[in-house]
Structures are given as structure tokens and as C-alpha cells.
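> mind looking at a prediction? Sequence and model below.
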Amino acid sequence: MQTSVRPDGRTSPFVEPWRPTPRGVIGTTIVVAAIATVSIATFAVQRIWFTPQAVVENYFAALADRDATAAASYVGSSGTSIDGLLSSEAYVPPSGLKVLEMKSDDNQRVAKVRFKVGDTTAEGELRLSRKPELTAGMFRGWAISSDRPTLQLSGPTLTGVLVNGKPAPSPEVTTQIAVFPGRYVVSSGDNPLLESDPVTADVGFGDQEVMVEPRVKASANAAADGQIKAYLAACLKSAGDGCPIGGDDKTWKITKYPVIAVRLGEGGELFVETTTDGVVSVTGRGYGGVPYTDTRQFDVDGRVAVDQGKVVYIP
């Protein structure tokens, strides 16, 4: 125990209390103020930038900027099934976001939102969950955990389909494409046989079905018609297996070519259909060598395909 000396020089039997120095007081004040400032700043950042509403607003801001990477950082699921959809000129981001309500559901939040894609108004709910990892080692943010909206592609053939000018996955892989809210344009790619009108899909929530309705190009029909006429001419000279005319030691002459149309089957195959029969005159000799001339009708069928980029008729 330490004693102290009184002003008269005598030793005091009592211990006097510790008195901090002015420098110590200033240092302690600075440390306490710094801790308080950091705590207040941390609380403010958590309450302003890491709230569920901020996540929703930042998510739609990223879509407005056509920034798929930033938008994906606010959702728990992976990115789109097709790269470059948002950067396409065909993409129209959602606008006019309004957060109508934010409610708690156990450890999650549910945001009721409304926005527009073009002239279409979408209203629904976005569920948010806490992120498992900390940001900057101290902030625990939120992520949108609701399922992403999708484009559901359907049609007789989906080979070569484009979404916002980008190739869609092979239909053997998937016909369901995860996307962000916004407008998408689905069309046929460069195909010698088929074409289709672009289909616009305004996507907000859930699954958006898009029916792709391809049709046979007039140029493909004309190419098949020309090859069929050449095929029939070859049949007149030497009738092979499957030739609808020619042979039998008679003289065959086409007086009217059949009118054909290339049709698209349900499985995506293309086949030839005769819409108006052709006519041939047949000259020969009948019983007892008596000459005769006969008139007959005929049709053609077969398939149409692409070989090395060219339309090919297959009898």
C-alpha cells in the first residue's frame, strides 16, 4: 500500500485516489469517441445499404443499367441460361419500381412490388433471405431467393431459335430459360428452310410461355419444286425405284407438272405434299400391237432437308 505526504510534510495514513493526467483524459476520450463513431457508422450502413428494400431497389437499378453481373449479385440463383441478353438492344428493362409492402416471414422478408415492362404492369412478391457470408467482414446482407422468371419455349421445332438475337440452348438440353424481368424478343435464326415472326415477351414473374411458329420459306419451296422437276425429267429417261412416271417401254411426256408444297411436320421434319396432281401422256402399243395414247395423273412425295447449307429434295 502506498502512502502520501501531506502539505505539512507529515505522512498521511490514507491512500489518496488516482488522478488521471490531462494527456490520459484526452487519449481516453478520443478512443471512446472513435469506438462510438465506428459503431454508429456500422449501424447506419447496415440500416441503409444492407436492408431488404435496398437490395430490391439496387437489383432493379442494375437491370436498368443492363448489367447482368450486378443484377445476379442480388439474387441467390445463377445467371441467365444465355449470355448477353441484357446488353442486347432488344432488351427493355423494367421501370417504375414501387415497393408496396415489406413484411417479415420467420427469418425472411417478403417484398410486394409493382413495376412495368413496356406497357405491361407486373405485380408480385420477392422473397429475400439473409446471405450466409459477411460483406467486408461485418455486414450481413440480403439476397433475393425467389425463383427467377423463365421463358418457356414451345413449337414444332425449336432448333436455331434466338432470344434477343442470342442462340437459345438446344431443345434437347432445355426449353426453359431463366431470365431477369424485362422484355425479350424470340425469333428464328438463319435457316435455309424456315422463318418465323418475332414474338415479344414481357416477363415479370413466373413462367412466360412463348410459342414459336415457324413456316417454310418461299425460297425453300421454290428450291424443292425445281429439284422435283429435275427428278421427274430423269424418271422419263430412266425410271428408277420410286419414280412415279416412266418405264414400261412406253413414251412418257409430262403435260402438266404437279403443284407441290413443303410442309412442316409436328416433329420438325419437312415433307413434300402434292396439292395438285401432275398429268402425263403415255404412248405405246397395246394388245396386237395397236398404238394408243393415254393420259394419267400422278403425284410426288418425299422429304426436304439441308445439306451443307443448301436445300435438298429427297425422294
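Arrived safely, thanks for sending. What you are looking at is a predicted structure, and each value in this text was computed from that prediction instead of being measured.
> what about residue 117, neighbour count?
For residue 117, the tally of surrounding residues (other C-beta atoms under 10 Å) stands at 20. The way it works is simple: take the backbone N, C-alpha and C, and place the C-beta from them, glycine included.
> ok, what's across the strand from it?
residue 120 (DSSP bridges).
> after the strand or helix carrying residue 262, heading C-terminal, what element do we hit next?
Residue 262 belongs to strand 259-264 when assigned by DSSP states H and E. With elements assigned by DSSP H and E, the helix or strand that comes after strand 259-264 is strand 270-276.
> list of residues touching that next one?
The contact list for strand 270-276 (C-beta atoms under 8 Å, 6 or more residues apart in numbering) reads 193, 216, 220, 224, 228, 258-265, 299-305, 313.
> go again with 6 Å.
Residues outside strand 270-276 that contact it (C-beta atoms under 6 Å, 6 or more residues apart in numbering) are 258-265, 299-304.
> partners of it, with directions?
Paired strands of strand 270-276, defined by DSSP bridges, are strand 259-264 (antiparallel), strand 302-307 (antiparallel).
> picking up where we left off before, next, format the contacts of strand 270-276 as a markdown table and append pLDDT and neighbour count.
As requested, those are exported to a markdown table (pLDDT from 0 to 100; neighbours: other C-beta atoms under 10 Å):
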| residue | pLDDT | neighbour count |
| --- | --- | --- |
| 258 | 97 | 21 |
| 259 | 97 | 13 |
| 260 | 97 | 23 |
| 261 | 97 | 14 |
| 262 | 97 | 23 |
| 263 | 96 | 15 |
| 264 | 93 | 19 |
| 265 | 89 | 11 |
| 299 | 96 | 15 |
| 300 | 96 | 23 |
| 301 | 95 | 13 |
| 302 | 96 | 18 |
| 303 | 96 | 15 |
| 304 | 97 | 25 |
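> quick one: which of those is nearest residue 82?
residue 264 (24.8 Å; C-beta to C-beta).
> circling back to that earlier point, quick one: the strands paired with strand 270-276 as TSV, columns for distance to residue 114 too.
Shown next, in TSV, are the strands paired with strand 270-276 (distance: least, C-beta to C-beta, whole Å):
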stretch	distance to residue 114
strand 259-264	41
strand 302-307	47
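> the ones you listed: which one's closest to residue 165?
strand 302-307 (21.6 Å).
> need the residues that contact the following helix or strand past that closest one.
Using DSSP H and E, the helix or strand that directly follows strand 302-307 along the chain is strand 310-314. Residues from elsewhere that reach strand 310-314, judged by C-beta under 6 Å, 6+ apart: 192, 220, 223, 224, 227, 228, 302, 303, 304, 305.
> show me where the stretch 201-315 of the chain has helices.
218-237 (DSSP state H, counting those that start in this stretch).
> which of the helices and strands in this protein ranks last by mean pLDDT?
Least confident helix or strand of the chain, by mean pLDDT, DSSP states H and E, is helix 22-48 with a mean of 47.
> the nearest residue to residue 272 once chain neighbours are set aside and residue 234, how far apart?
Using C-beta to C-beta, 6 or more residues apart in numbering and skipping residues adjacent in sequence, the residue nearest residue 272 is residue 302, 4.7 Å away. Distance, residue 302 to residue 234, by C-beta to C-beta, to the nearest Å: 14 Å.
> try residue 280
Residue 280 is 14 Å from residue 234, by C-beta to C-beta.
> more neighbours: those two, which one.
residue 280 (22 against 13).
> mind pulling up the pLDDT for the more buried one?
Residue 280 is assigned a predicted lDDT (pLDDT) of 94.
> is it true that it touches residue 246?
No: applying C-beta atoms under 6 Å as the test, residue 280 and residue 246 come out as separate, 8.8 Å apart.
> okay, and the common contacts of these two?
Common contact partners of residue 280 and residue 246 (C-beta under 6 Å, 6+ apart): residue 252.
> sorry, back to before: which residues touch the residue nearest to residue 272?
Residue 302 touches 272, 313, 314, 315, counting by C-beta under 6 Å, 6+ apart.
> now do residue 278
With C-beta under 6 Å, 6+ apart, residue 278 has these contacts: 256, 257, 258, 298.
> may I have the beta-bridge partners of it?
Beta-bridge partners of residue 278, as defined by DSSP bridges: residue 298.
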